[in-house]
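# Curious how this folds, go ahead:
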Amino acid sequence: MDGWWDDEDDARAAVCCRCQTYEGGFGGEPGNEAHGGYVFCAVAALLILGRLQDADTQALQARRQTDDDTTAAAR
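Model prediction:
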């Protein structure tokens, strides 16, 4: 992508990565709880920027070892 936005790609990728939670998902802003919609948007943005390697992609591949939450238990 050649254009005026190229100079800001590092900053954009850094903002996305700062929104990644300790669980591996992404929140709407740094420090927020992860949500599936934000995960989709952050991963898509990092892919478009060519910077997915900046995120902790290993954390995205598995759910943490926790007891069933109420959503899973209701199934």
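
# Return the per-residue confidence for the residue nearest the centre of the chain.
Note on the chain: the residue nearest the mean C-alpha position is F26, at 3.7 Å, using Cα atoms, centre = their mean. On pLDDT, F26 comes in at 95.

# Repeat that for A59.
The score at A59 is 84. That number is its pLDDT.

# so what's the residue nearest to the centre of the chain bridging to?
Beta bridges link F26 to Q20 when assigned by DSSP bridges.

# For this structure, give me the ranges with low pLDDT.
Counting by pLDDT under 70, the ranges of the chain that qualify are 1-6, 62-75.

# now the helices for it?
According to DSSP state H, the chain carries its helices in the segments 9-18, 36-49, 70-73.

# List the contacts of the residue nearest to the centre of the chain.
By Cβ atoms under 8 Å, 6 or more residues apart in numbering, F26 lies in contact with 16, 19-20, 34-35, 38-39, 41-43. Just so you know, the C-beta spots here come from the backbone N, C-alpha and C atoms, and that holds for glycine as well.

# Please apply the same query to E33.
Per Cβ under 8 Å, 6+ apart, neighbours of E33: 21, 27.

# Can you add mean neighbour count and distance to A59 and give the helices of the chain back as JSON lines?
Shown next, in JSON lines, are the helices of the chain (neighbours: other Cβ atoms under 10 Å; distance: least, Cβ to Cβ, whole Å):
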{"stretch": "helix 9-18", "mean neighbour count": "15", "distance to A59": "12"}
{"stretch": "helix 36-49", "mean neighbour count": "15", "distance to A59": "11"}
{"stretch": "helix 70-73", "mean neighbour count": "8", "distance to A59": "19"}
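
# Out of those helices, which is closest to T57?
helix 36-49 (8.6 Å; Cβ to Cβ).

# the inter-axis angle of the closest one versus helix 9-18?
Interaxial angle, helix 36-49 versus helix 9-18 (axes from the mean of the first three to the mean of the last three Cα atoms, to 10 degrees): 150 degrees.
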